[in-house]
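**Q** build the 3D model from these lines:
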Amino acid sequence: MPARGLTSPGVQVCSLKADTPQLIQPGCYQILRFPYGSAECTDVFGMHQVDQPDEYVVADWATDDRSGLIWPSQSGWGHLYAMIHWEPASATGGYTELRDQYVRDPLGLTSSPNDTTATEHRVPTPGGQFYAKSHGIYVNPDTPLALRVAHNDCAPRNVVLAEFKLCIHPPEAV
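**A** Got it, this is the predicted structure:
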């Protein structure tokens, strides 16, 4: 595996999946969190590690927002993918809007925190609330990325399944 921040030939991929329900409080964006190790889809380029590049160590992925961060392995054109499955709205005072967005440095760890992109506000459908999205952005190893969600239900609601993926095309390939 190349050292972090060094360009290597070919596309580099990080693919995360969480099928443990995550309770989302109403009214504000929350970072979706993802497990490490064997519960992870793939991270051969070291973009989603318990020992993070700034020397912080995540003790519990389910309670630490840092487990939602992807730290790009190199600079390049990044293509972000997400899939989000919400539980149904509550019977009374249920949600009328679901939101999701990608964000650069959501925790303010670098000099350019909270730069959001691809924000979507969705009206629930008559069936299940299952959404997929993709978006391209330029990425670099010093700025972590996350997927955030929000809703306007009167009670907390679960995201029951989430995926978050980053594919980096090296600069010379773009």
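
**Q** work out for me the element the closest residue to S73 other than its chain neighbours sits within.
**A** Distance criterion C-beta to C-beta, 6 or more residues apart in numbering; nearest residue to S73, sequence neighbours excluded, is F45 at 4.2 Å. All C-beta atoms are positioned from the backbone trio N, CA, C, and that covers glycine. Using DSSP states H and E, F45 is not contained in any helix or strand.

**Q** now do P26
**A** If you go by DSSP H and E, P26 is not part of any helix or strand.

**Q** point out where the protein drops to low pLDDT.
**A** Residue ranges of the chain with pLDDT under 70: 1-9, 172-174.

**Q** what residue is smack in the middle of it?
**A** With distances taken as C-alpha atoms, centre = their mean, L147 lies nearest the centre of the chain, 2.9 Å away.

**Q** partner strands of the strand ranked longest in the chain, with direction?
**A** When the chain is parsed with DSSP state E, its longest strand is strand 157-169. Paired with strand 157-169 in the same sheet, following DSSP bridges, are strand 12-18 (antiparallel), strand 22-24 (antiparallel), strand 76-86 (antiparallel).

**Q** tell me the SS of the residue nearest to the centre of the chain?
**A** Here L147 is recorded as strand under DSSP: H, G, I helix; E, B strand; the rest coil.

**Q** D100 now?
**A** At D100 the chain is in strand, as set by three-state DSSP.

**Q** quick one on the thing from earlier: so how far is the longest strand of the chain from its chain's centroid?
**A** The chain centroid and the centroid of strand 157-169 are separated by 5 Å, computed with C-alpha atoms, centre = their mean, to the nearest Å.

**Q** and stretch 97-108, by the same measure?
**A** Taking C-alpha atoms, centre = their mean, the mean C-alpha location of stretch 97-108 is offset from the chain mean by 8 Å.

**Q** same question for stretch 30-48.
**A** Its chain's C-alpha centre and that of stretch 30-48 lie 10 Å apart, by C-alpha atoms, centre = their mean.

**Q** one more: stretch 127-137?
**A** Stretch 127-137 sits 12 Å away from the centroid of its parent chain (C-alpha atoms, centre = their mean).

**Q** swap in stretch 151-164?
**A** Centre-to-centre, stretch 151-164 and its host chain are 14 Å apart (C-alpha atoms, centre = their mean).

**Q** pull out the buried residues from that stretch.
**A** Buried positions in stretch 151-164, judged by neighbour count with 16 or more other C-beta atoms under 10 Å: 151-153, 157, 159-164.
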